[in-house]
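Colleague: Sharing a sequence plus its predicted fold:
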Amino acid sequence: MTPDRSVRPAPAAPRALALPRFERHALPNGLRIEHAERPGLPEVSLHLVLECGAGVEPPRLGGLGELTARLLTAGTPGRDAIEMARWLDRLGVGYRATVGYAVGAVSMHFLSEVFEEALEFLAETILDSEFPEHEVERIRGERIDEIERQADDPATVAGLATIAELYGDRLYGRPAAGTGATVSEIGPEAVREFHDARFRPGGALLIACGDLDRERLMSAAKARFGAWSGEAAPVPPPETPEPQANDLILIDRPGSPQSEIRVATVGVPYNTGDHHAIIVANAILGGLFNSRINLNLREDKGWTYGARSSFRFRRGAGPFVARTAVEGARTGPAFEEILGEIETMRTTLVTADEMKLARNALTLSLPLQFETAVQICGKVSRQRIFGLPDDYWETYRARIEAVTPDEVREVCRTYLDPGRLTLLAVGDAATAAPTLNGLGPVDVRPAS
């Protein structure tokens, strides 16, 4: 029978989310281990999570955790940085160390046949790093160079200025990786003390996923990490400031052809009661390509290459930020359009088509996010870091689909009240300032 090509075929049923089952174990020293065996592909992903985020750094040494993470492979007894790099290269291991506000994580990905030696490499970096003075100076210099380069990027300037306005001198008001002034103060002794205090098995979590059975994992973990000792308390969430609207802030960047625009406020922690309604609301407002602010500013008006918004969920109340970049002469009108879209979300129910698009975008692609061992480790670590329920991903689709238009409107009313919003732009004041009439007082500041 010849199919009727004038009729669009019905979509297939949504693909089921198939998650591997994680077993939980612990070593006597307190190191928690979670493991999911996935035979079929000869790969393993490891994710070691440590309570060593920026929230436990001295503020005057901001970026200490980040610098420590970058120095983990810079030398151990018997191996300098070059020899460590050669060892990693010979194994063919992907290795990445990162630090955020709450935790740090070392991620590794490799063929299962080199598991034991890869775990030995990980153990040496975590337990035996020596942080030689010349390596600390080298990596610190590289980090300061990065910060100085970023100071020339208007988007980075806008981002840092926005969080400073929202949070002041609190933790989330500072970049997790530090500033040039704070990183410059970090020496080898501070790195060693931080490592000694925060890189401890009590509070740490090792997640393993791949072609690896429980016996092999636990035997190697006991051999490599069994003598590790000590405890690091969880990094607590910071105090949440009361959101408030300020004068519109314009950071003058003479000669800049564009303005970086931010509309922001203090948001909510990851594990909050209306979490899923917030996700759907943001998808409709600015989280998707077909979101309201992107369709308005990019597709309808042609003012920008893209406009987005996001709630940055953390252990504490991370920021909500709507952002775009437009020609300087469009600065004021762009603010007005973003604020108008937010107000419409607060006062009018979203349409059934918008709800369907958001639900589909958030749920139908979910199985694709659990295809590899690397992806699975990342998703599970997020659950553990933020204290999400064990069935978070299994129930995600149902919870997203259960969100109603009324709930979308209610979270927008609650969290996106105009009296909570901070408006900030980075651009040429001579061009942008005349476009801001009607948006209230403007605080023009020089670029630092």
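Modeller: Nice, thanks for sending it over.

Colleague: Quick one: residues contacting the nearest residue to G202 once chain neighbours are set aside.
Modeller: Of all residues not flanking G202 in the chain, E231 sits nearest, at 2.9 Å (CB to CB, 6 or more residues apart in numbering). For every residue, glycine as well, the C-beta is placed using N, CA and C. Contacts for E231 (CB atoms under 8 Å, 6 or more residues apart in numbering) come out as 30, 200-203.

Colleague: at 10 Å instead, please
Modeller: E231 makes contact with 29-30, 51, 200-204, according to CB atoms under 10 Å, 6 or more residues apart in numbering.

Colleague: looking at these, which has the most residues close by?
Modeller: Compared across these, A204 has the highest neighbour count, 27 neighbours, by other CB atoms under 10 Å.

Colleague: Could you give the backbone dihedrals for it?
Modeller: phi -90, psi 160 (degrees, to the nearest 10).

Colleague: shouldn't it be in contact with L31?
Modeller: Yes: counting by CB atoms under 10 Å, A204 does reach L31; the two are 5.4 Å apart.

Colleague: hey, what's in contact with both of the two?
Modeller: Joint contacts of A204 and L31 (CB under 10 Å, 6+ apart) are 48, 225, 228.

Colleague: Check those residues against E343 and report the nearest one.
Modeller: L48 (45.3 Å; CB to CB).

Colleague: tell me the contacts of R214?
Modeller: Here R214 is in contact with 23, 25, 33, 35-37, 208 (CB under 10 Å, 6+ apart).

Colleague: Try it again at 6 Å.
Modeller: H35 (CB atoms under 6 Å, 6 or more residues apart in numbering).

Colleague: Ramachandran coordinates for it?
Modeller: phi -60, psi -40.

Colleague: Quick one, grab the pLDDT at it.
Modeller: According to the prediction, R214 has pLDDT 96.

Colleague: Doesn't L46 belong to a helix?
Modeller: No: going by DSSP: H, G, I helix; E, B strand; the rest coil, the assignment for L46 is strand, not a helix.

Colleague: what's across from the residue nearest to it when sequence neighbours are not counted in the sheet?
Modeller: Sequence neighbours aside, M108 is the residue nearest to L46 in space, at 4.5 Å (criterion: CB to CB, 6+ apart). Note on M108: beta-bridge partners by DSSP bridges are L46, Y95.

Colleague: Now do the strands in this protein.
Modeller: Under the criterion DSSP state E, the chain contains strands at 23-26, 32-37, 43-50, 75-76, 79-80, 94-99, 104-111, 205-210, 248-252, 258-266, 307-311, 319-327, 422-427, 442-446.

Colleague: one step back: out of the contacts of E231, give me the two with the largest separation.
Modeller: Between any two of the contacts of E231 (CB to CB), the greatest distance is 14.8 Å, for N29 and E51.

Colleague: Point out where the chain drops to low pLDDT.
Modeller: In the predicted model of the chain, residues 1 satisfy pLDDT under 70.

Colleague: Which positions in stretch 336-343 come out as buried?
Modeller: Buried residues in stretch 336-343, counted by 16 or more other CB atoms under 10 Å: 337-339, 341-342.

Colleague: Please write out the alpha-carbon positions of it in CSV.
Modeller: Provided in CSV are the C-alpha atoms of stretch 336-343 (Å, rounded to 0.1, in the frame of the first residue of the first chain):
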residue,chain,number,x,y,z
GLU,A,336,11.5,47.3,27.5
GLU,A,337,10.8,44.2,25.4
ILE,A,338,12.3,41.8,28.0
LEU,A,339,10.4,43.5,30.8
GLY,A,340,7.2,43.4,28.8
GLU,A,341,7.6,39.6,28.2
ILE,A,342,8.2,39.0,31.9
GLU,A,343,5.1,41.1,32.8
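
Colleague: I'd like the numbering to begin with 55 instead of 1 from here.
Modeller: Sure thing, new numbering starts at 55, so read that last one as stretch 390-397.

Colleague: now the contacts of E285 in TSV, with distance to N350?
Modeller: Output for the contacts of E285, formatted as TSV (distance: CB to CB, whole Å):
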residue	distance to N350
N83	55
G84	52
E105	42
R254	50
P255	51
G256	51
G257	46
A258	46
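
Colleague: Identify the residue spatially nearest to A139, adjacent ones excluded.
Modeller: T127 (7.0 Å).

Colleague: Repeat that for D223.
Modeller: In space, D223 is closest to P113, 7.5 Å off (CB to CB, 6+ apart).

Colleague: And for N83?
Modeller: Counting by CB to CB, 6+ apart, the residue nearest N83 is P255, at 4.4 Å.

Colleague: wait, isn't the one you found in contact with G280?
Modeller: No: look at P255 against G280 with CB atoms under 6 Å: they stay out of range, at 9.3 Å.

Colleague: And for stretch 152-169, what's in contact with it?
Modeller: 96, 98-109, 119-120, 123, 145, 147-151, 172, 230, 265-266, 289, 369, 428, 439.

Colleague: swap the cut-off to 7 Å and go again
Modeller: 96-109, 119-120, 123, 145-151, 172, 176, 225-226, 230, 264-266, 270, 274, 289, 368-369, 428, 435, 439 (CB atoms under 7 Å, 6 or more residues apart in numbering).

Colleague: Could I get the buried residue list for it?
Modeller: 153-166, 168-169.

Colleague: what sits against the residue most central in space within the chain?
Modeller: Centroid-nearest residue in the chain: R366, 7.3 Å away (criterion: CA atoms, centre = their mean). Contact analysis of R366 by CB under 7 Å, 6+ apart lists 321, 372-373.

Colleague: want to throw these into TSV with neighbour count and distance to L220?
Modeller: Converted to TSV, the contacts of R366 look like this (neighbours: other CB atoms under 10 Å; distance: CB to CB, whole Å):
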residue	neighbour count	distance to L220
G321	26	9
G372	23	10
P373	23	6
